[in-house]
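[1] the following block contains a protein sequence and its predicted model.
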Amino acid sequence: MLKPMIIRQRVRRVSLLVVPRGTSLLGLMLMLLFQGAALFAEPLAPGFYPVISEDGTSGAGMRVFEAERKADRVLNVDFARDFDLGLGKVENGIRFPVRYKFDEIKDFLSAERHKEFVVVRFDKSIMWNEKVVVQDRLSEVVSQMKGVGYKRVVVLGAHASGVHVLIDTDSEPRGKR
């Protein structure tokens, strides 16, 4: 007989977790770890995160990359609105990406099972534009990712010496979600 249990995570979310009777505490902890590791990643505040700090040590950008590693999916997008899923031929250590329009990958993203956390990286061709262009693309991409079912969306912007966190939907006030 399965016994439902309510687990509260970060005050904002409540998940229903079905735990078989007699499950050990270690077993429960492992289930939580594998079920939603991304839920435990701290929200990222918008802003610029340098990779190397002024004193030459690892900068705050490393925190962004650690959070990115916890994502269920990482996508790259360019100014032409082409998405890179990380696929492509590799020759001599260089990957030649296969790029898709959102309409071509929408069904694929909708069918994915793990949708707690997605990271979308804007390349420099987007970041070099006026702020209004970047904001328009940001709104568009967040809407697309939410539309296919991702709960948390983080959009990063490319920069030579670090990374811009443009948005983390976990850090937005509750009414804006």
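    Cool, the structure landed. What you see is a predicted model; the values in this text were computed from it and never measured. Numbering: from 1, shown residues only.

[2] tell me which stretches of the protein form strands.
    Taking DSSP state E as the test, the strands found in the chain are 2-9, 13-20, 47-50, 73-77, 83-91, 94-100, 117-122, 152-159, 162-168.

[3] what mean pLDDT does the longest helix seen in the chain have?
    When the chain is parsed with DSSP state H, its longest helix is helix 131-147. Helix 131-147 shows a mean pLDDT of 96 in the predicted model.

[4] going by neighbour count, which residues in it are buried?
    For helix 131-147, burial by neighbour count (16 or more other CB atoms under 10 Å) applies to V134, R137, L138, V141, V142, Q144, M145. Placement of C-beta: from N, CA and C, glycine included.

[5] could you export those as TSV, including distance to V165?
    TSV is the format used below for the buried residues of helix 131-147 (distance: CB to CB, whole Å):
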residue	distance to V165
V134	13
R137	15
L138	11
V141	14
V142	13
Q144	19
M145	15
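
[6] mind giving me the domain split of the chain?
    As recorded under automatic domain parsing, the domains making up the chain are 2-35, 39-176.

[7] and the ones you listed, which is most packed in?
    Counting by mean count of other CB atoms under 10 Å, domain 39-176 has the highest mean neighbour count of these, with a mean of 15.

[8] can I get stretch 83-100 in CSV, CA atoms only?
    Listed next in CSV are the C-alpha coordinates belonging to stretch 83-100 (Å, rounded to 0.1, in the frame of the first residue of the first chain):
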residue,chain,number,x,y,z
PHE,A,83,18.1,26.9,-31.1
ASP,A,84,21.0,24.6,-30.5
LEU,A,85,20.2,21.5,-28.4
GLY,A,86,23.8,20.5,-28.1
LEU,A,87,23.7,18.2,-31.1
GLY,A,88,26.1,18.3,-34.0
LYS,A,89,29.1,16.6,-35.7
VAL,A,90,32.4,16.9,-33.9
GLU,A,91,35.6,17.1,-36.0
ASN,A,92,39.0,17.7,-34.4
GLY,A,93,37.4,18.7,-31.1
ILE,A,94,35.1,21.3,-32.7
ARG,A,95,31.4,20.8,-32.6
PHE,A,96,29.4,22.0,-35.6
PRO,A,97,25.9,22.6,-34.1
VAL,A,98,22.6,21.6,-35.7
ARG,A,99,20.3,24.5,-35.3
TYR,A,100,16.5,24.4,-35.2
